[in-house]
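Peer 1: coords below, sequence missing:
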């Protein structure tokens, strides 16, 4: 997968998501479509279509997947250390998103869920979750777990499982760098204000998968980080904060 193909592979679903966030979300919500429904569709629709296409059309090419092997004690230690380091890095870099968005260089999307907003203050907790009032709505926990299955399964399956080995054939030991930059700058273009905040995980995750030859490292590292949303969601649902 050369540079042009890499840009297309990450950039097409990224462009569709970006267009959906800026154009479809405000129109649909103005027509009464729940934000939780339209936001989920816009974010994961392109990824699911891309995954389905390569499963059905490119099935013969799935032999060239990133290595999938049982997690060892060393792998778990790598995940634990990387997770702690990433949390510290993202905590330190998080204020940059608010500064970048407030500079006015690019207009923000007309409708942004609280969790994705550059002004979201983690210390204040969640009052809404993708437009749904959280207090008492325990079904949101199951919804987020389902979201994670699509998010982690779809992204790691495509970006690291399918794309990274093909990029490695062209870019060799620097494939992780191309993979990470494409994942950050192209697919996450809809959250452009977080480019800097997301850079540590965008680069470290594919590096570890390529370096230690195990896609499960990426799955667990990505998954545990996103699972932390439950630490905000559950107390808000229970009315503890």
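Peer 2: Structure's in. What do you need? Source: prediction; values computed, not measured. Numbering: from 1, shown residues only.
Peer 1: What's the per-residue pLDDT of residue 126 here?
Peer 2: Residue 126 is assigned a predicted lDDT (pLDDT) of 81.
Peer 1: tell me, what residue is most central in this structure?
Peer 2: Centroid-nearest residue in the chain, with C-alpha atoms, centre = their mean: residue 151, separated by 6.5 Å.
Peer 1: residues touching it, list them.
Peer 2: Residue 151 sits next to 44, 222, 226 when contact means C-beta atoms under 8 Å, 6 or more residues apart in numbering. Heads up, the C-betas are built off the backbone N, CA and C, glycines and all.
Peer 1: For the buried ones among these, write the corresponding ChimeraX selection.
Peer 2: Command for ChimeraX, covering only those of the contacts of residue 151 found buried under the criterion 16 or more other C-beta atoms under 10 Å:
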select :44,222
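Peer 1: closest to residue 209 among the contacts of residue 151?
Peer 2: residue 222 (10.0 Å; C-beta to C-beta).
Peer 1: where's the residue nearest to the centre of the chain relative to residue 239, distance?
Peer 2: To residue 239, residue 151 is 27 Å away according to C-beta to C-beta, to the nearest Å.
Peer 1: Surely residue 188 touches residue 199?
Peer 2: No. With contact defined as C-beta atoms under 8 Å, residue 188 does not count as touching residue 199 (10.1 Å).
Peer 1: Just name the closest of the contacts of residue 151 to residue 72, please.
Peer 2: Proximity of the contacts of residue 151 to residue 72 (C-beta to C-beta) peaks at residue 222, which lies at 18.7 Å.
Peer 1: Confirm for me that the closest one is in contact with residue 155.
Peer 2: Yes. In this structure residue 222 lies within contact range of residue 155 using C-beta under 8 Å: 7.0 Å.
Peer 1: need the strands for this structure, in chain order.
Peer 2: For the chain, applying DSSP state E gives strands covering 128-129, 132-133.
Peer 1: Could you dump those into TSV with mean neighbour count and distance to residue 68 added?
Peer 2: Formatted as TSV, the strands of the chain follow (neighbours: other C-beta atoms under 10 Å; distance: least, C-beta to C-beta, whole Å):
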stretch	mean neighbour count	distance to residue 68
strand 128-129	20	33
strand 132-133	14	36
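Peer 1: Thanks again, I'm all set now.
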